[in-house]
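Colleague: coords please:
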Amino acid sequence: MAQLLEYKCPCCGGIIEFDSGSQMMKCPYCDTTFDPAALMEMDEALNNQAPDQLEWETPQEQFEDSEVAGMNVYSCHSCGGEIITDATTGATHCPFCGNPVVLTGAFAGALKPDLIIPFKLSKEDAKAALKRHMSGKKLLPRLFSKESHLDEIKGVYVPFWLYGADVDAQFNFHATRTRMWRSGNREFTEVSHFRLERQGGLSFDDVPVDGSTKMDDTMMESIEPFDMKEAVPFQTAFLSGYYADKYDVDATQSISRANERIKNSTTAAFSSTTPGYATVTPEGASVQIHNGKAKYAMYPVWLLTTNYQGKTYQFAMNGQTGKFVGDMPVDKKLYWKWHMIYAAICAGISWLVLYFFLL
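Modeller: Presented below is the predicted three-dimensional model:
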């Protein structure tokens with residue numbers, strides 16, 4: 001069956017056609033013209049691009065019976081979270097939602113982590129970080145720091161899948177340069193369009209993906225990075241006195257997120273090689289992943305839960321570096337007060353600029 005081939009204008013997105021008068025491809029909407037040979041070359045390059053190849057080798061090693069002796073699993077009836085602890089930990093509340101948890105049995109039947117980053121910062125460090133996080137917030141309700149109740153501070157080892165691979169990539173970019181000038185009372189703008197080609201290779205090590213649905217992915221990525229130089233081979237002794245979240249998203253299920261992070265980083269790296277243009281937009285890409293492997297690691301995270309006026313607020317701190325994140329309430333009266341002050345200042349500046357301009 002015959003197919004209608006259409007070319008879209010890179011300037012406005014309209015369908016461009018061949019103009020017999022100028023012997024050029026022309027957009028009827030913005031009057032931009034293109035060399036037919038350049039469009040044909042671009043079409044051939046896009047058709048010759050290889051499809052993405054994203055394949056991975058995932059961990060398989062499981063715990064031995066001797067390694068899990070004395071380790072228990074607590075289950076939360078509210079959020080469904082499963083928390084791994086040693087036999088001496090008296091788990092009474094879920095570190096994720098704050099509700100009571102119950103012991104369900106001995107820990108077994110899970111993959112053994114390859115690596116673990118031990119906690120470097122204490123519970124007191126987490127408390128101090130929360131106070132620093134609240135200080136200087138002008139829109140924070142004044143009574144929040146006094147009336148909010150710190151319900152829980154839990155040290156949790158969070159499961160992460162770490163992906164490493166070699167990447168070969170090819171990118172096509174649409175770039176523009178803009179030149180403006182004035183002649184008499186008329187102002188002219190010239191926009192030049194360019195097609196850029198980039199290809200090369202990159203290597204990625206330890207790209208992390210959170211392996212727990214109970215942990216907010218945005219929050220976990222916000223407390224990155226973790227220093228993998230301090231990672232050590234996993235030993236159950238490191239879990240003593242802490243919780244360990246049991247993964248519920250395996251390495252295979254997490255591959256899509258790893259591919260997304262690797263492709264975004266690859267695009268950013270190749271885009272950085274195109275300086276000197278007003279705009280640079282990726283138009284086509286081929287990403288080939290080779291030697292892709294995944295490791296299983298446990299990262300240290302302090303989870304803090306506060307309650308204020310019946311609402312729960314959760315914070316997280318990197319247990320290795322101290323990076324702290326979390327949402328806090330906003331005083332609406334203060335918000336609108338500062339909004340009006342800002343608007344008045346902007347209006348005053350605009351009036352002064354107009355006044356001196358008209359002098």
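Colleague: does K127 sit in a helix, a strand or a coil?
Modeller: Following DSSP: H, G, I helix; E, B strand; the rest coil, K127 is assigned to helix.
Colleague: neighbours of it, how many?
Modeller: Neighbourhood size, K127 [other Cβ atoms under 10 Å]: 14. In this view, the C-beta of every residue, glycine as well, is placed from N, C-alpha and C.
Colleague: separation between it and E230?
Modeller: Note on K127: its distance to E230, by Cβ to Cβ, to the nearest Å, is 23 Å.
Colleague: so G200 is in contact with A169, correct?
Modeller: Yes. Contact between G200 and A169 holds when scored by Cβ atoms under 8 Å: they sit 6.8 Å apart.
Colleague: and the two? Which one has more around it.
Modeller: A169 (21 against 13).
Colleague: list the contacts of the more buried one.
Modeller: 199-202, 266, 270, 285-288 (Cβ atoms under 8 Å, 6 or more residues apart in numbering).
Colleague: hang on, it in a strand?
Modeller: Yes. Counting by three-state DSSP, A169 is found in a strand.
Colleague: rank the helices and strands of the protein by mean pLDDT and give me the bottom one.
Modeller: strand 101-106 (a mean of 50; mean pLDDT, DSSP states H and E).
Colleague: each with direction, which strands does the helix or strand just after that one pair with?
Modeller: Using DSSP states H and E, the helix or strand that directly follows strand 101-106 along the chain is strand 115-116. Applying DSSP bridges, strand 115-116 is found paired with strand 232-233 (antiparallel), strand 279-308 (parallel).
Colleague: which ones are touching P225?
Modeller: By Cβ under 8 Å, 6+ apart, the residues touching P225 are T321.
Colleague: so which strand or helix has it?
Modeller: Using DSSP H and E, no helix or strand contains P225.
Colleague: from N259, how far out is it?
Modeller: Going from P225 to N259 by Cβ to Cβ gives 19 Å.
Colleague: do T279 as well
Modeller: From T279 to N259 the distance is 26 Å (Cβ to Cβ).
Colleague: of these two, who's got more company?
Modeller: N259 (20 against 12).
Colleague: three-state assignment of the more buried one?
Modeller: helix.
Colleague: before we move on, what about F270?
Modeller: helix.
Colleague: roughly how far does it sit from S192?
Modeller: In terms of Cβ to Cβ, F270 sits 21 Å off from S192.
Colleague: more neighbours, the two?
Modeller: Just comparing F270 and S192: by other Cβ under 10 Å the higher neighbour count belongs to F270, 21 against 11.
Colleague: if any of the contacts of A169 are buried, put those into a PyMOL selection.
Modeller: Selection of buried members from the contacts of A169 for PyMOL, criterion 16 or more other Cβ atoms under 10 Å:
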select buried, resi 266+270+285+286+287+288
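Colleague: of the contacts of A169, closest to V158?
Modeller: For those, the closest approach to V158 (Cβ to Cβ) belongs to T266, at 25.9 Å.
Colleague: confirm the closest one sits in a strand?
Modeller: No. The assignment for T266, made by three-state DSSP, is helix rather than a strand.
Colleague: give me the low-pLDDT residue ranges for the chain?
Modeller: Filtered on pLDDT under 70, the chain yields the residue ranges 1-8, 10, 13, 18-23, 36-110, 136-151, 328-359.
Colleague: mind giving me the domain split of it?
Modeller: Annotated domains of the chain cover 1-48, 51-130+149-327 [automatic domain parsing].
Colleague: ranking these by burial, who's on top?
Modeller: A comparison of the domains of the chain by mean neighbour count, using mean count of other Cβ atoms under 10 Å, puts domain 51-130+149-327 on top with a mean of 16.
Colleague: what sits against L115?
Modeller: Taking Cβ under 8 Å, 6+ apart as the test, what L115 contacts is 162, 228, 231-234, 295-298.
Colleague: typo on my end, it should be A258
Modeller: 56, 161, 163, 207, 209, 294.
Colleague: which SSE is the third one in?
Modeller: Under the criterion DSSP H and E, the helix or strand holding Y163 is strand 149-183.
Colleague: so that strand versus strand 279-308, what angle?
Modeller: 160 degrees (axes from the mean of the first three to the mean of the last three Cα atoms, to 10 degrees).
Colleague: noted, bye for now.
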